[in-house]
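**Q** task: produce atomic coordinates for the following.
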Amino acid sequence: MKIYDLPCFDHRKSFNGKATVIEDNGIKKLKSYETIVCKINKNGKLIKLWDGYSATTMRHINSFVKLFDIDGGGKKWWDDLKCINR
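**A** Model prediction:
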């Protein structure tokens, strides 16, 4: 298992440890604060695991999809995704 801070791709320098990526057995998970909000499965598909919204967590999600070259980003895109159980 590999855990590291999510790089920030917007105008700020970092997320100050509030967003981390957890990689394990080909699955990549985004942890925003203390919540796993989404994952990328072994086939490269993003799966929504948290049905909430906050502006800061959306910044984390946007950087996560950019880091792994996943199409998407933004509130409307997030709201339109179906949330599944972990």
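
**Q** CA only for contacts and neighbour counts going forward, please
**A** Fine.

**Q** how about residues contacting the lengthiest helix in the chain?
**A** Longest helix in the chain, counting residues (DSSP state H): helix 55-67. Contacts with helix 55-67, where a contact means C-alpha atoms under 8 Å, 6 or more residues apart in numbering, come from 6-10, 15, 19, 30, 32, 71-75.

**Q** what's the distance between it and the middle of its chain?
**A** Averaging C-alpha positions (C-alpha atoms, centre = their mean, to the nearest Å) puts helix 55-67 6 Å from its chain's average.

**Q** list the buried residues for the helix or strand just after it?
**A** Using DSSP states H and E, the next helix or strand after helix 55-67 towards the C-terminus is helix 75-80. Across helix 75-80, burial judged by 16 or more other C-alpha atoms under 10 Å covers residue 78.

**Q** how far out from the middle of the chain is stretch 31-38?
**A** Between the mean C-alpha location of stretch 31-38 and the chain-wide mean there is a distance of 7 Å, by C-alpha atoms, centre = their mean.

**Q** buried sites along it?
**A** Under 16+ other C-alpha under 10 Å, the buried positions of stretch 31-38 are 31, 32, 36, 37, 38.

**Q** could you report the neighbour count for residue 13?
**A** For residue 13, the neighbour count with other C-alpha atoms under 10 Å is 9.
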